[in-house]
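Participant: need a structure here:
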Amino acid sequence: MRFWLLDAIEEVVPGERLVAVKNVSYSEEYLQDHFPEFPVLPGVFMLEAATQAAAWLLRLSDPQAPAVIALKEAKNVKYGGFVSPGQSLRIEVSLIKHEDGLAAFKASGTIGEKSSLSGRLVLECYNLADTDPAMADADERLRGYFKRWLPAILKPQLLA
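Facilitator: Numbers count the residues shown, from 1 in each chain. Now for the predicted structure:
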């Protein structure tokens, strides 16, 4: 199952920063088990939302960004307050460094003024064709997949 953990990209400065939102709803299946009497967004999902935001920043900064962008490292991750149903987690990622197939980011997540997540992320960026030229078509299909999803999460004023 693929978890899309961003509901909207609200701001983007290509090559610099991106702000996105994750709205937490009672209808999300995992809340039945995490935790039955005290439902909250799991910390690993907060981290995944930040990773997805960072990957979108790379894709929106370069139309020919590598097809695969995956979390390689999470450093100094700290969790603050809980994110409960009915709340919106605001994720902000800022690009620190991007070279040699690695991109480093500062990431934060807040509910209002309260910190829920902070840390540093390192994402690995590559094409499948880098190791197997026969996979070039798969790289293009992956790029197309993300391009089709973009209008669903990018605020309309940012699509221009």
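
Participant: now do the same for the spatially most central residue of the chain: its pLDDT.
Facilitator: With distances taken as C-alpha atoms, centre = their mean, the residue of the chain nearest its centroid is Gln52 (1.5 Å). You'll see Gln52 listed with a pLDDT of 98.

Participant: and it, how close does it get to Ala65?
Facilitator: Distance from Gln52 to Ala65, counting by C-beta to C-beta, to the nearest Å: 14 Å. C-beta coordinates here come from the backbone N, C-alpha and C atoms, glycine included.

Participant: between these two, what contacts are shared?
Facilitator: Common neighbours of Gln52 and Ala65 are not found (criterion: C-beta atoms under 8 Å, 6 or more residues apart in numbering).

Participant: would you confirm that the residue nearest to the centre of the chain contacts Leu6?
Facilitator: Yes - in this structure, Gln52 is within contact of Leu6 by C-beta atoms under 8 Å, at 5.3 Å.

Participant: and for those two, which residues touch both?
Facilitator: Going by C-beta under 8 Å, 6+ apart, residues that sit against Gln52 and also against Leu6 are Ala20.

Participant: for the chain, what helix or strand is lowest in average pLDDT?
Facilitator: Least confident helix or strand of the chain, by mean pLDDT, DSSP states H and E, is helix 136-153 with a mean of 94.

Participant: so what does it touch, helix or strand wise?
Facilitator: helix 43-61 (3 or more C-beta pairs under 8 Å, 6 or more residues apart in numbering; DSSP states H and E).

Participant: what is the helix it packs on packed up against?
Facilitator: Using 3+ C-beta pairs under 8 Å, 6+ apart, helix 43-61 sits against strand 8-13, strand 17-23, strand 68-79, strand 88-99, strand 102-111, strand 114-126, helix 136-153.

Participant: in JSON lines, list those along with mean neighbour count and distance to Glu37.
Facilitator: Output for the helices and strands packed on helix 43-61, formatted as JSON lines (neighbours: other C-beta atoms under 10 Å; distance: least, C-beta to C-beta, whole Å):
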{"stretch": "strand 8-13", "mean neighbour count": "16", "distance to Glu37": "30"}
{"stretch": "strand 17-23", "mean neighbour count": "20", "distance to Glu37": "22"}
{"stretch": "strand 68-79", "mean neighbour count": "14", "distance to Glu37": "20"}
{"stretch": "strand 88-99", "mean neighbour count": "18", "distance to Glu37": "21"}
{"stretch": "strand 102-111", "mean neighbour count": "20", "distance to Glu37": "20"}
{"stretch": "strand 114-126", "mean neighbour count": "18", "distance to Glu37": "20"}
{"stretch": "helix 136-153", "mean neighbour count": "13", "distance to Glu37": "32"}
